[in-house]
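**Q** Next comes the sequence, and after it the predicted model I'd like to discuss.
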Amino acid sequence: MADSKRVSIASRSERSWAGFTLVEFLVTIGIIMVLITMLVPAINRARQAARATECKNNLRQIALALHGYSDAHETLPPGYVDSPGAVQSSIESGWGWFAMLLPHLDQQPLYEKIDFHDGLRKTLGESEQSDRLTNNLSNQSAVATELPCVRCSSDFSPTLIARIEPGVGVTNYATTSYAAMTGPEWMELPCHIPAISNEEGEDDSEMRGCELPGGAFFLNSRTRFIDLTDGISTTLLIGEVSGRLDHVEDAPVLQSGLSQGGSHWARVSDPVLQQHVLTSTHERINRPSTGTYSPGLSSGHPGGVHCVFADGSVRFLSEEIDSNPVAPFGVLQHLSTIDGQETIPRF
């Protein structure tokens with residue numbers, strides 16, 4: 001009888017320890033939450049480090065391609081090519097610097113697909129004076145091609161931007177996170193270069209001469225490494241222009257559901273819209289955007305942007321770098337000139 005009582009008491013004791021009490025449950029949840037709180041920032045930092053590494057690798061490929069292009073042509077590619085006096089989209093090319101680097105980026109088939117003598121339209125017939133035009137489907141397909149090394153994974157802007165092309169209709173442009181450096185200022189367009197004739201017969205007597213913006217890339221540029229007298233280790237060539245959701249002051253105004261801005265890897269959609277393939281240091285790094293493309297260097301990386309220098313190095317520029325958009329300029333602006341002869345302190 002006594003034995004059965006002992007067994008019964010033991011069973012009740014075992015049952016009393018079979019589960020968690022409410023206090024134990026709450027303590028366990030609290031410990032788990034603390035661990036999650038500690039792990040999430042570490043995971044985010046690891047992801048950001050991976051994105052930064054991928055972005056730097058993209059820029060290293062572009063840097064090598066620039067040097068390969070220079071070796072082959074004895075000049076850097078032009079910022080973009082078009083008629084300097086044109087004030088609207090024309091049949092002329094408008095192709096940008098990145099399109100010309102394609103053979104040096106293992107994209108020879110895509111390069112051969114592009115007709116660089118035409119834009120998104122082409123003439124019909126053998127006569128160069130023919131006014132009969134048709135869509136250039138090969139070129140339209142090329143500008144919409146998304147390439148692996150043109151986007152930073154921290155760039156949250158759209159990968160395709162739709163634009164209305166005169167005489168063509170809606171065209172999709174593949175976007176990029178990188179743009180070539182035009183200098184501290186933008187070239188004021190339209191302008192006139194006497195060596196290029198005005199084939200449309202327009203009165204261009206009021207057009208002023210093209211004032212060079214000070215950097216390595218601009219409309220119809222042919223900059224050589226020998227022209228970089230400021231030093232190749234202190235001259236910016238390429239920088240990030242990634243979109244940032246937290247860097248938009250005003251929502252972009254869209255017409256008929258079509259975006260009116262954005263950085264393209266292939267070409268400008270209008271001769272005066274140089275921001276499609278170029279960037280300047282007129283604005284400080286990571287300045288909030290008021291449109292659908294960044295007004296200057298910008299990225300999704302915390303604290304700054306990655307840039308390519310003329311010596312082929314890829315360096316991170318802090319958004320706290322000295323910047324002054326007017327003369328005598330700041331360090332950031334001096335880095336974007338090729339022959340300003342400035343003394344640049346450590347940055």
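**A** On my side now, so go ahead.

**Q** tally of neighbours for the residue nearest to V143 when sequence neighbours are not counted?
**A** Beyond its immediate neighbours in the sequence, the residue positioned closest to V143 (CB to CB, 6 or more residues apart in numbering) is A266, lying 4.1 Å away. Yep, even glycine has a C-beta here, placed from its N, CA and C like the rest. Burial of A266, expressed as a neighbour count using other CB atoms under 10 Å, amounts to 27.

**Q** doesn't T171 make contact with A266?
**A** No. The pair A266 / T171 is not scored as a contact, 10.4 Å apart, by CB atoms under 8 Å.

**Q** hang on, the earlier thing: spell out which residues sit in contact with the residue nearest to V143, please.
**A** Contacts of A266 were listed using CB atoms under 8 Å, 6 or more residues apart in numbering, and they are W95, G96, F98, A99, A142, V143, T145, Y173, A174.

**Q** For S93, see how far away the fourth one is.
**A** Distance, A99 to S93, by CB to CB, to the nearest Å: 9 Å.

**Q** and the two? which has more neighbours close in?
**A** Between A99 and S93, counting by other CB under 10 Å, A99 is the more crowded of the two (24 against 21).

**Q** circling back: could you check the pLDDT of the residue nearest to V143?
**A** At A266 the predicted local confidence, pLDDT, stands at 93.

**Q** E92 too?
**A** Turning to E92, the model gives it a pLDDT of 60.

**Q** Identify each buried residue in stretch 176-194, please.
**A** Burial within stretch 176-194, assessed by neighbour count using 16 or more other CB atoms under 10 Å, is assigned to 176-187, 189-192.

**Q** out of those residues, who's nearest N44?
**A** Of all the buried residues of stretch 176-194, N44 sits closest to S177, with 20.0 Å by CB to CB.

**Q** Double-check that closest one against G239; I have them as touching.
**A** No. Taking CB under 8 Å as the contact criterion, S177 and G239 are not neighbours in contact, 9.8 Å apart.

**Q** Could you pull up the contacting residues of M181?
**A** Taking CB under 8 Å, 6+ apart as the test, what M181 contacts is G215, A216, F217, L236, L237, I238, G239, L278, T279, S280, T281, S336.

**Q** Run through the bridge partners of it.
**A** Per DSSP bridges, the residues bridged to M181 are T279.

**Q** between A99 and S93, what contacts are shared?
**A** Shared contacts of A99 and S93, counting by CB under 8 Å, 6+ apart, come down to F116, R267.

**Q** List the residues that contact the nearest residue to L278 once chain neighbours are set aside.
**A** Distance criterion CB to CB, 6+ apart; nearest residue to L278, sequence neighbours excluded, is T182 at 4.4 Å. Residues in contact with T182 (CB under 8 Å, 6+ apart) are G79, P213, G214, G215, F217, F218, Q274, L278, T279, S280, S336.

**Q** what do you get for D155?
**A** With CB under 8 Å, 6+ apart as the criterion, the residues that contact D155 are S177, E240, S242, G243, S299, G300.

**Q** Make JSON lines out of those residues and add pLDDT.
**A** Putting the contacts of D155 into JSON lines (pLDDT from 0 to 100) gives the following:
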{"residue": "S177", "pLDDT": "92"}
{"residue": "E240", "pLDDT": "94"}
{"residue": "S242", "pLDDT": "83"}
{"residue": "G243", "pLDDT": "67"}
{"residue": "S299", "pLDDT": "89"}
{"residue": "G300", "pLDDT": "86"}
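
**Q** Looking at the residues you listed, which are in helices?
**A** With DSSP state H as the criterion, helices contain none of the contacts of D155.

**Q** All the helices of the stretch 1-150 of the chain, residue numbers only.
**A** With DSSP state H, counting those that start in this stretch, the ranges of helices along the stretch 1-150 of the chain come out as 2-16, 22-73, 97-101, 108-113, 137-143.

**Q** With respect to L228, which of these lies nearest?
**A** Distance to L228, taken as CB to CB, is lowest for helix 22-73 among the helices of the stretch 1-150 of the chain, at 10.8 Å.

**Q** What average pLDDT does the closest one get?
**A** In this model, helix 22-73 carries a mean pLDDT of 84.

**Q** Stretch 272-283 now?
**A** Mean pLDDT, computed over stretch 272-283, is 89.

**Q** what's the answer for stretch 222-234, then?
**A** Here stretch 222-234 scores 93 as its mean pLDDT.
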